[in-house]
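> task: produce atomic coordinates for the following.
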Amino acid sequence: MNELTINIPALLFPTISLLLLAYTNRYIAVSNRIRLLHTQYKSDQSNGLLIQIRILKNRILLIRNMQLAGIGSMFVAALTMFLIYYKIQEWAHAVFGFSLVLMLASLSLCAVEIYLSNKALMVQLKDIEHLVN
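Predicted coordinates for the structure are as follows:
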């Protein structure tokens with residue numbers, strides 16, 4: 001097995017930090033949209049709004065899980081660095097692999113959240129499609 005140096009898991013830190021920032025921005029945008037739709041729903045209880053609200057609920061849960069997986073990845077990468085520092089290479093390899101799995105899980109959830117985001121936009125567009133024709 002190749003030697004795992006402390007620099008390799010350290011490379012994940014800037015990536016994970018940027019991902020968490022992007023996820024937080026998505027969370028803020030979704031939470032603002034939920035507040036807006038909540039206000040709209042009080043005056044107009046249309047089916048389109050209900051569909052969008054359901055999608056936003058799913059997106060909020062996905063963003064939470066994306067963030068948790070990203071935080072877990074960073075935590076496990078730091079644990080890997082600890083293991084490397086104390087020269088426990090066998091465990092360091094396995095733990096670092098788990099860090100990468102958490103990163104992949106976070107990115108996969110992000111892909112699903114983007115899909116739902118587009119689905120919500122299509123619901124909005126369908127509502128005004130008659131105006132274009």
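> now do the longest helix anywhere in the chain, average pLDDT.
In the chain, taking DSSP state H as the definition, the longest helix is helix 89-132. The average pLDDT for helix 89-132 rounds to 90.
> show me what that helix is packed up against.
On a contact count with 3 or more Cβ pairs under 8 Å, 6 or more residues apart in numbering; DSSP states H and E, helix 89-132 meets helix 7-10, helix 12-43, helix 47-85. Heads up, the C-betas are built off the backbone N, CA and C, glycines and all.
> that helix: how far from the chain's middle?
Its chain's C-alpha centre and that of helix 89-132 lie 6 Å apart, by Cα atoms, centre = their mean, to the nearest Å.
> same deal with stretch 86-106?
Using Cα atoms, centre = their mean, the offset of stretch 86-106 from its chain centre is 20 Å.
> pull out the buried positions in it.
Buried residues in stretch 86-106, counting neighbours by 16 or more other Cβ atoms under 10 Å, are found at 92-93, 95-96, 98-99, 102-103, 105-106.
> which one of these is nearest to Val123?
Comparing these against Val123 with Cβ to Cβ places Ser106 closest, at 26.1 Å.
> wait, what's in contact with that closest one?
19, 66-67, 69-70, 73 (Cβ atoms under 8 Å, 6 or more residues apart in numbering).
> now for the residue nearest to it when sequence neighbours are not counted: which residues touch it?
Distances taken as Cβ to Cβ, 6 or more residues apart in numbering place Ala69 nearest to Ser106, at 3.7 Å, with adjacent residues excluded. Contact analysis of Ala69 by Cβ under 8 Å, 6+ apart lists 102-103, 105-106, 109.
> returning to what we had before: out of the contacts of Ser106, which is most surrounded?
Ser73 (27 neighbours; other Cβ atoms under 10 Å).
> for that one, which non-adjacent residue is closest in space?
Leaving aside its chain neighbours, Ser73 sits nearest to Leu102 (3.8 Å; criterion: Cβ to Cβ, 6+ apart).
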